[in-house]
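[1] fold the following, please.
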Amino acid sequence: QVQLVESGGGLVQAGDSLRLSCAASGRTFSSSVMGWFRQAPGKERQIVASISRGAITTYYADSVKGRFTISRDNAKNIVYLQMNSLKPEDTAVYYCAAKTDGVTLPTTPGRYNYWGQGTQVTVSS
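    Okay, the predicted model is just below:
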């Protein structure tokens with residue numbers, strides 16, 4: 001069992017930065033692939049970034065490459081999403097997710113088996 005709690009969302013202006021955090025409980029964090037997804041109103045939930053268990057491999061959606069950075073601290077059971085040069089189109093609810101089986105970094109939400117409650121990120125123009 002993994003419980004995930006996101007924090008760090010808020011209202012910012014275009015060009016600003018935010019850092020999201022996801023604190024995980026349970027003993028399986030270090031053996032879990034972690035992902036950040038986002039869902040804008042009226043749209044499907046989409047992958048933003050993911051990171052392998054040992055933080056060796058990462059994946060980024062094309063829309064955030066070069067602006068967002070995912071990282072993890074297995075000693076603290078936290079995964080981060082550093083978001084720079086934010087744009088209005090980044091506005092969404094951001095969700096942290098854990099995949100506790102296997103080592104692949106899938107991009108589809110259905111492959112992740114634990115989810116946080118989400119944190120709102122709003123970027124004004």
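
[2] from Val2, how far off is the residue lying closest to Ser63 once chain neighbours are set aside?
    The spatially closest residue to Ser63, leaving aside those adjacent along the chain, is Glu89, at 7.6 Å (C-beta to C-beta, 6 or more residues apart in numbering). (C-beta placed from N, C-alpha, C; glycine too.) For Glu89, the distance to Val2 (C-beta to C-beta, to the nearest Å) stands at 30 Å.

[3] so the two - more neighbours on which side?
    Neighbours were counted for Glu89 and for Val2 using other C-beta atoms under 10 Å; Val2 has more, 20 against 11.

[4] enumerate every residue touching the more buried one.
    When contacts are counted by C-beta atoms under 8 Å, 6 or more residues apart in numbering, Val2 is found next to 24-26, 28-29, 32, 98, 100, 114.

[5] what does Asn74 give?
    29-30, 54-55.

[6] go with 10 Å
    Residues near Asn74 by C-beta atoms under 10 Å, 6 or more residues apart in numbering: 24, 29-32, 34, 53-55.

[7] one more: Leu18?
    Leu18 sits next to 8-12, 68, 81-84, 86, 90, 94, 119, 121, 123 when contact means C-beta under 10 Å, 6+ apart.

[8] show the buried residues in the residues you listed.
    Neighbour counting with 16 or more other C-beta atoms under 10 Å marks 8-9, 12, 68, 81, 83, 86, 90, 94, 119, 121, 123 as buried within the contacts of Leu18.
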